[in-house]
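Asks: coordinates only, sequence not included:
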Ligand SMILES: Nc1ncnc2c1ncn2[C@@H]1O[C@H](COP(=O)(O)OP(=O)(O)OP(=O)(O)O)[C@@H](O)[C@H]1O
Ligand SMILES: [Mg+2]
């Protein structure tokens, strides 16, 4: 009786552990393999008996960079930074308004923004081309960033409103009693408290822009962002160049996630609700 | 003067929101109008030429794209939701190193579809990890080919695997967040009163998780209809899909009007799904505000 | 119906030790109260008994059945959660009926029992509501009803009446107690309300910092506290404590408390012999100090002290005096309503047959040492 309940107890623990391990292995293995293969020598890759490469080289990554990936990375960063600046400049005031004011039509407006977030952003790419040609924005990084901003904006509004709402109203009111006006209270009290959360939101925006491929491929021809460059150029290249491409693409995302890991789950929780 | 201040104070929230809203409405409204224009006019006059091309040209893969997109959605979504639900339950238990495991499991969240496609290409290619392992333990003697037009079912499978790997994490995060909001006591109470694990899931967890489940389902469906990068990397046009065809018609063939129709179709599907979602969200929202 | 034995239970959460070596034997059909301050490990102890937590050390026995590793649903227990844990998606009726449905009772029986429990807890008219339409106190009663509809082997209740108004609480106490007497279910009842503990418990286990300080009948706990903690935790106003040096001269015991001296009867000689010249903690309850003219005729051995009235609490039924004796305050409780001028001098008598003496180091009672851990 006692023994059997102990056995069952530990069996249960064992099953849980086994399941967790299976899941983690399933998720993590492809990451590891793709990174290893990105640096494995040609011979190791084509040798049927070498599963985990033995000889490593940075040749493929270097080749890819020389082929134009360097410029594409720079382009991607420029687009992402413009996107962050634009979407924060437009989105933070709106987020603040949703968090700190009560006004007529607030719920409907919020719903509208959530609704707009549902809009498939890749749809806008094709018609934008004609507009951009007219405006001289076609094949420019600014053009891509403008489109990315419309994708990031609802997210920035929703996330920043929840961040601002997390700063207790009393703190700002106390500051106003002690002589700051609303603007002063915002910049001296609310902003510093909201900063870490907003930084995480900026990282999130960066990743969104960094990862976006459809709009970028449609709107650019010579000024490719990294995903667009890889989609059009690297696909024709040999396998190990593709692996190198995969590696270059995931690296910044992984680093950023590591930096912002504390916030990510809650952030995704908020945005995906 | 005091009047002026109160005027600004009164309209301040609207002033703060207006630029963002105007921006979004322009970037969605204009392309929609322009898209309609592109789709249904040729040289400035109304024409169904693009629609005819889409539906009946031998070069158009519209019908295949439509069926394949729906097929992918129908196969991928249930798998993702089932796995994510199981995972959420698993991670709601206590075990050592739970946070590390959690962090690892949500890693794919940050991976773009193109990168995910490349990663799984390295896993499944003829000289890839998967084939090498199976060959070396002697389970197979010939590599299993996942890629190439003659292996289309395998390409389909590879896409499903990659999408499940990449996007299950999103569903998982939504469900897990929902599960965490259910107080642990609620599940434990059922346990104390004698409910089996299945009964706990059936009578307590499932009903309480319903809002999150619906949200996850809808949001995933919405994005699944826009699937592009993974398919394009792994299968190209072997398995045509709506977004892929839009891209192809636009970038390769410069059939802007046809691409616009694809875009409008995706928009229509998404708006229908989004409409359901908003109705649902609104109901839930009002309930919470009670 | 079963007797419950806790053997050396230890439960840690990371670095905090929630339960630190609990031994407790609970008789079949007994109503035992776990009493202690917030955070002392009461809930954790209950959860270990329920099977919701596995203890890091020790064993839980139901009768001679070791249930330490058994999941909750195989223990046939029932529980009122401190947080109520009422399922928000079920109506009150379905909440109460749930344990019966799980145990596959026939429909009519379920209906009968749910109505009976609702009647008992005065929530009959709420059966058709959802939890969010209830007040906190109503939810709590639903939680109690849900726990008593089944006949478990062990009934666990975690502060089940904490959220009720005073009147309802008194009524519910007696209802629960009557019910428990009738169905004779072994009951472990957690509270930090000492009145509740005194009136309901067959025995009380006083806990502090994850340890059981004393187990005994309510009167034992009150009259013969085993240590400073129990003496101070039980009884309002709190027992007076002061340090005093023991002086033994020719069979005469004198406690020197700097402000005054207390001459103890010879009966105390055996326990205080070895403390000659040392400091001890002396305790006396406010109701065992009598102002002049208020000493009951039964109180024989008295020791007189004089002080100035610092503060008076007039409670109507009682009057509480705060007396300044120079360097300390003595709290005195007199039954009935009396007038005292602030600043006036009052002479009070300490009832020496109700005095407590504790070791300064270990804080253990010198008089009721053997009481400690009495089962
Ligand atoms: N799940 C947990 N994780 C970490 N610490 C815990 C956990 N549960 C309880 N503790 C800690 O263990 C100690 C005992 O907690 P417990 O809930 O048993 O106290 P309690 O006596 O029921 O208090 P209260 O009267 O406030 O309900 C506390 O210090 C508490 O902070
Ligand atoms: Mg508690």
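Replies: That came in fine, so what should we check first? If you're wondering where the values come from, they're calculated on a predicted model, not measured in any experiment. Ligands and ions are numbered 1, 2, ... in the order given.
Asks: from here on, just use CA atoms for contacts and neighbour counts.
Replies: Will do.
Asks: per-residue confidence at the residue in the stretch 151-290 of chain B that ligand 1 sits nearest to?
Replies: At 10.3 Å from ligand 1, residue B:184 is the closest residue in the stretch 151-290 of chain B, using C-alpha to the nearest ligand atom. The score at residue B:184 is 86. That number is its pLDDT.
Asks: neighbours around it, how many?
Replies: 13 (other C-alpha atoms under 10 Å in any protein chain shown).
Asks: check residue B:33 too.
Replies: 12.
Asks: state the mean pLDDT of the helix or strand harbouring it.
Replies: Assessed by DSSP states H and E, residue B:33 sits inside helix B:2-40. Mean per-residue pLDDT for helix B:2-40: 84.
Asks: stretch C:292-311 now?
Replies: Rounded mean pLDDT across stretch C:292-311 is 87.
Asks: where does pLDDT dip in the stretch 251-375 of chain C?
Replies: C:369-375 (pLDDT under 70).
Asks: is residue C:243 in contact with residue C:278, as I believe?
Replies: No. Between residue C:243 and residue C:278 there is no contact under C-alpha atoms under 8 Å: 10.2 Å.
Asks: domains in chain B, by residue range?
Replies: Per the record, chain B has its domains at B:1-47, B:48-288, by automatic domain parsing.
Asks: surely residue C:235 is in a helix?
Replies: No. Per DSSP: H, G, I helix; E, B strand; the rest coil, residue C:235 lies outside any helix segment and is coil.
Asks: I'd assumed residue C:222 was in contact with it.
Replies: Yes. Counting by C-alpha under 8 Å, residue C:222 is a contact partner of residue C:235 at 7.2 Å.
Asks: the residue of the stretch 101-250 of chain C found nearest chain B: what's it in contact with?
Replies: Nearest residue of the stretch 101-250 of chain C to chain B, counting by C-alpha to the nearest C-alpha: residue C:102, 6.1 Å away. By C-alpha atoms under 8 Å, 6 or more residues apart in numbering or on different chains, the contact set of residue C:102 is B:193-195.
Asks: ok, and does stretch B:175-182 reach over to chain C?
Replies: No. Stretch B:175-182 lies apart from chain C when judged by C-alpha under 8 Å from any C-alpha of the partner chain; the minimum separation is 9.6 Å.
Asks: does residue C:244 have beta-bridge partners, and which?
Replies: According to DSSP bridges, the residues that bridge with residue C:244 are residue C:280.
Asks: which pLDDT value goes with residue A:165?
Replies: Reported pLDDT for residue A:165: 84.
Asks: wait, doesn't it sit right on residue A:95?
Replies: No. Between residue A:165 and residue A:95 there is no contact under C-alpha under 8 Å: 9.1 Å.
Asks: and those two? Which one has more around it.
Replies: residue A:95 (28 against 18).
Asks: from residue A:124, how far out is the closest residue to residue B:102 other than its chain neighbours?
Replies: The shortest distance from residue B:102 to any non-neighbouring residue, by C-alpha to C-alpha, 6 or more residues apart in numbering or on different chains, is to residue B:91 (7.4 Å). Per C-alpha to C-alpha, to the nearest Å, residue B:91 is found 38 Å from residue A:124.
Asks: who has more neighbours, these two?
Replies: When neighbours are counted by other C-alpha under 10 Å, residue B:91 and residue A:124 differ, and residue A:124 comes out ahead with 25 against 20.
Asks: list the contacts for the more buried one?
Replies: Per C-alpha under 8 Å, 6+ apart, neighbours of residue A:124: B:27-28, B:31-32, B:263.
Asks: now render the residues you listed as JSON lines, adding distance to chain A and neighbour count.
Replies: What follows is the contacts of residue A:124, written out as JSON lines (distance: C-alpha to the nearest C-alpha, whole Å; neighbours: other C-alpha atoms under 10 Å in any protein chain shown):
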{"residue": "B:27", "distance to chain A": "6", "neighbour count": "20"}
{"residue": "B:28", "distance to chain A": "7", "neighbour count": "21"}
{"residue": "B:31", "distance to chain A": "5", "neighbour count": "25"}
{"residue": "B:32", "distance to chain A": "7", "neighbour count": "21"}
{"residue": "B:263", "distance to chain A": "5", "neighbour count": "30"}
